[in-house]
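> I'll drop the sequence and a predicted model, then ask my questions.
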Amino acid sequence: MKPTRILLLIGLALAVLQVAHYYPMMPGTMASHFDGAGRPNGFQSRGAFFALTAVMLVVVVAIFMGLASLIRLLPPSWVNLPHREYWLAPERLEGTMDFIVQQMEWFGVATLLLLLLVVQAAVEANLAPEPRIDSDSMWLFLVLYFLYTAVWMVRFLRHFRVPESATR
């Protein structure tokens, strides 16, 4: 099994452990949404919070793991890439699809990590007598995720340049 798939499954396992550990400690009604300053402005029952969290995490993993199968089933004419004629030529098609699948799974790992960190921050906020999320940490998580996304996009697009040897 590929490392990205293993990491996605490990992320789900961590989520299960997170729920099993924290569920009994949480109040019946939890702060589930916070404003930019970290103050709660939305509440849910403990069951609804963890059910929504579970659905969200499973859907993210299913989407990113399922993309591999879906991408391989798409006709090449449906794939939009820079220099598509070069990269989707029969002799490069399999390698191109492998790269796309791998990159989508890495993006899924990053997305799952962000979600796990956000859920952990919400859980920790609810352990306090006055729930308040650490907004500095949340902003850091978001900035790091957006930086990862920018680097991921640049790397993805750079991969699909036509090699100089092919343009001669």
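Arrived safely.

> name the helix or strand for Met104, please.
Using DSSP states H and E, Met104 falls within helix 90-127.

> where does Thr167 land on pLDDT?
At Thr167, the predicted lDDT confidence score is 63.

> what sits against Leu12?
By CB atoms under 8 Å, 6 or more residues apart in numbering, the residues touching Leu12 are 57-58, 61, 112. For every residue, glycine as well, the C-beta is placed using N, CA and C.

> got a ChimeraX select line for the buried ones in these?
Provided next is the ChimeraX selection string for whichever of these are buried by 16 or more other CB atoms under 10 Å:
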select :57,61,112
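
> which of the contacts of Leu12 lies closest to Leu8?
Leu8 has its nearest neighbour among the contacts of Leu12 in Val61, at 5.0 Å by CB to CB.

> now do the contacts for that closest one.
8-9, 11-12, 108, 112 are the contacts of Val61 under CB under 8 Å, 6+ apart.

> kindly recompute the last result at 6 Å.
Counting by CB atoms under 6 Å, 6 or more residues apart in numbering, Val61 makes contact with 8, 12.

> so it sits in a strand?
No. Applying DSSP: H, G, I helix; E, B strand; the rest coil, one finds Val61 to be helix, outside a strand.

> distance of it from Pro163?
Per CB to CB, to the nearest Å, Val61 is found 35 Å from Pro163.

> now swap in Met25 and tell me
56 Å.

> what angle do whatever helix or strand Thr4 lives in and helix 90-127 make?
According to DSSP H and E, Thr4 maps onto helix 3-22. Angle, helix 3-22 to helix 90-127, by axes from the mean of the first three to the mean of the last three CA atoms, to 10 degrees: 10 degrees.

> tell me the SS of Arg132?
When classified by three-state DSSP, Arg132 comes out as coil.

> likewise the one 10 residues further on?
For Leu142, the secondary-structure state derived from three-state DSSP is helix.

> same thing with Met30?
strand.

> tally up the residues packed near it, please.
21 (other CB atoms under 10 Å).

> so what's it up against?
Met30 sits next to 44, 46, 49, 126 when contact means CB under 6 Å, 6+ apart.

> where in this protein is pLDDT low?
Scanning the chain for pLDDT under 70 picks out 166-168.

> give me the neighbour count for Leu88.
Leu88 has 17 neighbours, counted by other CB under 10 Å.
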